[in-house]
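# Sequence below, structure please.
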Amino acid sequence: MSDAYIYNIELPPYFTIARDERAVVDYKVGGYNMVKAEQMLNRNIVELCRVPPLTLCTVGHYRVLGMRRLEHGPLFQKFRAYEMRVASETPLLSPHTTPEIDPWLKKLAEKNGLSSAANSHYLLHGTSPEALKQIAKHGLTTARARESGSYGKGIYFTDTSCKAHQCGDGNHTGLLDRQRPGPGVILICRVVLGRVKTLEGAAVGERQ
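Okay, here's the model as predicted:
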């Protein structure tokens, strides 16, 4: 299969940077996007997180303390080129196998032009405040992914806020501490799903 692809990729109109730059942009505290993000997180707490096993804390309500947009010109262009390639090369199954996407994230995807042909969606990724610094610089890469995931080494995304919080609660354990729930970071990420393989159980050791 040829790798000769030429795409004219423009940065989103809301980006504040040039094509070869990166920046971190703060949203207004208490503003529209922060309110919508907090509502989205609280809509997507599954019942298992509300009445969890002993290893998980009870998640009753999320409060967003701050919200930022990571702008990275080179990484965005790389993402869009990959998304366009998947959309043009992959005859996706119909209907698509997709997670249950929150209504606000669906509207955001439509507004920001995520590709339905590539089966692209906004999903959540939990991380720590320390790891966020490297993500802002290098993006999410499998080279930095942990080996201990239930489905092998890779970057994990979810449609539930409590699962994202479990992976990024700031306690560096991968588990929520019922006595010391830490402030964590939940990223809203553009994710190209393409063809989806459904697994009925864990697949430790595989790369997905």
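
# from here on, contacts and neighbour counts on C-alpha atoms
Fine.

# Just the CA atoms of the longest helix that the chain contains, as CSV, please.
For the chain, the helix with the greatest residue count under DSSP state H is helix 73-89. Extracted as CSV, the C-alpha positions of helix 73-89 are listed here (Å, rounded to 0.1, in the frame of the first residue of the first chain):
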residue,chain,number,x,y,z
GLY,A,73,0.4,22.5,15.5
PRO,A,74,2.6,19.7,14.3
LEU,A,75,0.8,17.0,16.2
PHE,A,76,-2.6,18.2,15.1
GLN,A,77,-1.5,18.1,11.4
LYS,A,78,-0.2,14.5,12.0
PHE,A,79,-3.5,13.5,13.6
ARG,A,80,-5.6,15.0,10.7
ALA,A,81,-3.5,13.3,8.1
TYR,A,82,-4.0,10.0,9.8
GLU,A,83,-7.7,10.6,10.2
MET,A,84,-8.1,11.4,6.5
ARG,A,85,-6.1,8.4,5.5
VAL,A,86,-8.3,6.1,7.6
ALA,A,87,-11.4,7.7,6.2
SER,A,88,-10.2,7.2,2.6
GLU,A,89,-8.8,3.6,3.0
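
# Quick one: list the elements packing against the helix or strand following it.
As assigned by DSSP states H and E, the chain's next helix or strand after helix 73-89 is helix 103-111. In this structure, helix 103-111 makes packing contacts with strand 120-127, judged by 3 or more C-alpha pairs under 8 Å, 6 or more residues apart in numbering; DSSP states H and E.

# gap between the strand it packs on and the chain center?
Between the centre of strand 120-127 and the centre of its chain there are 2 Å (C-alpha atoms, centre = their mean, to the nearest Å).

# Give me the next element, helix or strand, following it.
For strand 120-127, the following helix or strand on the C-terminal side (DSSP H and E) is helix 129-138.

# Check which residues of that next one are buried.
By neighbour count on 16 or more other C-alpha atoms under 10 Å, the buried set for helix 129-138 is 132, 136.

# quick one: average pLDDT of the longest helix of the chain?
Taken as a whole, helix 73-89 carries a mean pLDDT of 92.
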